[in-house]
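> Pasting the sequence and the predicted model now:
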Amino acid sequence: MNKTAICLVLLISGFNAQSAEQVFIESDEYGQGFITQHLNRCFFVAPYHVVKDSVFLNLIGDDRQRSIGEGQLIQQFGYDLAVGSVEGKLASNCSTHFNSLKSNTDVIESNNTFAISTVNADGMVSRQNVISVETTLTHIVVQPVSQEHLLYKGMSGSMLYFNELPLGMLQSINSQTGFGKVLRFDRLLETINPFFNGNSSLSAARKKPSDTQVEAIGYEVVEWNKVSADQNTSPNMIADSDDATAWVVKLGGDVLELTLAFSESQEVSGLTLVSDNKGKATVKNFEVLTSKRAAGKRGWISQASYSTFPQTVLNTVKWLPGKVKRIKIRVFNSWEPESLIHINTIMVH
């Protein structure tokens, strides 16, 4: 076998090792997702809007046996993502370990023709070619190559592939243009990674304020969309560098949005959010966005989406350093049954 053939075999083998095991999901809506193994358990990953209204889900695998399983939602994440458990025959055939899933940004940058892979209700897999029309740090916008194979609503959760390498998950289709919005696989893995590899014991031990505020960047809380839960709390408590105080709000099914602003552009590489109510966190899932603009609704770039653990009151997210003028924090849900959110301190660094 010549060197070219050997390289081709190795390349194909590498793609297969990283390929996601796709599933068809039947709930109150029809959709797609993939399954992965971690600590000898099987989990599904799917768009949250597909699974959010169902207690139990029916899943059909893309394996040769068209294995059937039952799924149950465990946790919601940012970027419209959800992770749940899988039981039944499908779980027995769940072979791809989470930590073996990889992304390849070079492929995204060097190609514009990919394939959308969808599992049908009978377990058969269909693929259709698409062309990328826009690529950002978080998403890829794609369009079908022909009018004969359009994208449709039930395809949410389908995987975008280059050969057998997963590049992203289809999350929505624009009914007017027919374009699909794909969450990049690198951002997807980064978002759900704390669920599989997080170690809450490392962060659960509280750090003293002096340990966490040495390099904090000063800011002003300028916008928020929720009122305080009582008159003794206010958004300004977030910036007072005192972990003993907290701004308390009630989500009530909505998303909390909070905007921080700097007097001038700052080089920012992350932030630490402290959420502590009697030693337990209340903030469950949150997203961080940045803007280079001093005002306006446009220009926001999503930098990180993070999921906390109940015993982890101090949560640090990091991204590539860059000059920004504003930071927005979006809190999706709470660990508290009453949906209360306690934000003690936000330290920008």
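Right, received. Where do you want to start? Residues are numbered from 1 along each chain as shown.

> Please enumerate the helices of the stretch 201-349 of the chain.
Under the criterion DSSP state H, counting those that start in this stretch, helices of the stretch 201-349 of the chain are mapped to 209-212.

> Strands of that one, start to end?
Taking DSSP state E, counting those that start in this stretch, the strands of the stretch 201-349 of the chain run over residues 220-224, 247-250, 256-274, 283-291, 301-307, 314-334, 340-343, 345-348.

> Including mean pLDDT, mean neighbour count and distance to residue 94, could these go into TSV?
No exception for glycine: its C-beta is placed from N, CA and C like everyone else's. What follows is the strands of the stretch 201-349 of the chain, written out as TSV (pLDDT from 0 to 100; neighbours: other C-beta atoms under 10 Å; distance: least, C-beta to C-beta, whole Å):
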stretch	mean pLDDT	mean neighbour count	distance to residue 94
strand 220-224	95	14	42
strand 247-250	95	22	38
strand 256-274	94	18	33
strand 283-291	91	23	24
strand 301-307	83	21	21
strand 314-334	91	18	27
strand 340-343	94	23	35
strand 345-348	94	22	38
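
> Please give the element, helix or strand, for residue 73.
According to DSSP states H and E, residue 73 maps onto strand 68-77.

> Can you give me the buried ones in that strand?
By neighbour count on 16 or more other C-beta atoms under 10 Å, the buried set for strand 68-77 is 69-71, 73, 75-77.

> next structured bit after that strand?
Moving toward the C-terminus from strand 68-77, the next helix or strand (DSSP H and E) is strand 81-88.

> May I see the buried residues of strand 68-77 arranged in JSON lines, with pLDDT as well?
As requested, the buried residues of strand 68-77 are arranged in JSON lines below (pLDDT from 0 to 100):
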{"residue": "69", "pLDDT": "93"}
{"residue": "70", "pLDDT": "93"}
{"residue": "71", "pLDDT": "92"}
{"residue": "73", "pLDDT": "89"}
{"residue": "75", "pLDDT": "84"}
{"residue": "76", "pLDDT": "84"}
{"residue": "77", "pLDDT": "86"}
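
> between the residues you listed, which is nearest residue 228?
For those, the minimum distance to residue 228 (C-beta to C-beta) is 24.7 Å, reached by residue 76.

> any idea how far residue 161 lies from residue 125?
Going from residue 161 to residue 125 by C-beta to C-beta, to the nearest Å gives 11 Å.

> Compare neighbour counts for those two and give me the winner.
Legend: neighbour count by other C-beta atoms under 10 Å for residue 161 and residue 125, higher for residue 161 (21 against 13).

> partners of the helix or strand harbouring that one in the sheet?
Using DSSP H and E, the element containing residue 161 is strand 159-162. Applying DSSP bridges, strand 159-162 is found paired with strand 113-119 (antiparallel), strand 165-173 (antiparallel).

> closest one to residue 235 among those?
Within the strands paired with strand 159-162, the stretch nearest residue 235 is strand 165-173; the backing value is 31.0 Å (C-beta to C-beta).

> Neighbours of the nearest residue to residue 249 once chain neighbours are set aside, how many?
Spatial nearest neighbour of residue 249, excluding adjacent residues (C-beta to C-beta, 6 or more residues apart in numbering): residue 226 at 4.4 Å. Close neighbours of residue 226, defined as other C-beta under 10 Å, add up to 18.

> gap between residue 226 and residue 284?
The spacing between residue 226 and residue 284, counted by C-beta to C-beta, is 16 Å.

> ok, now residue 271?
Distance, residue 271 to residue 284, by C-beta to C-beta: 17 Å.

> any idea which helix or strand carries residue 192?
Secondary structure assignment for residue 192, by DSSP H and E: helix 185-197.

> how far does that helix sit from the chain's center?
Put simply, helix 185-197 sits 7 Å off its chain's centre (C-alpha atoms, centre = their mean, to the nearest Å).

> now stretch 173-184
Here the centre of stretch 173-184 is set off from its chain's centre by 18 Å, with C-alpha atoms, centre = their mean.

> Then stretch 26-39?
Computed by C-alpha atoms, centre = their mean, the separation of stretch 26-39 from the middle of its chain amounts to 15 Å.

> CA atoms of that stretch as PDB?
Output of stretch 26-39 as PDB, limited to C-alpha atoms (Å, rounded to 0.1, in the frame of the first residue of the first chain):
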ATOM      1  CA  GLU A  26     -40.200  11.900  19.100                       C
ATOM      2  CA  SER A  27     -41.800  14.200  21.800                       C
ATOM      3  CA  ASP A  28     -44.400  16.800  21.600                       C
ATOM      4  CA  GLU A  29     -42.300  17.800  18.500                       C
ATOM      5  CA  TYR A  30     -40.200  15.800  16.200                       C
ATOM      6  CA  GLY A  31     -36.500  16.400  16.100                       C
ATOM      7  CA  GLN A  32     -33.000  15.100  16.000                       C
ATOM      8  CA  GLY A  33     -30.000  14.800  18.300                       C
ATOM      9  CA  PHE A  34     -27.100  12.500  19.000                       C
ATOM     10  CA  ILE A  35     -26.100  10.200  21.800                       C
ATOM     11  CA  THR A  36     -22.900   9.800  23.700                       C
ATOM     12  CA  GLN A  37     -21.400   7.700  26.500                       C
ATOM     13  CA  HIS A  38     -19.900   9.000  29.700                       C
ATOM     14  CA  LEU A  39     -19.100   7.000  32.900                       C
END
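
> Good, wrapping up.
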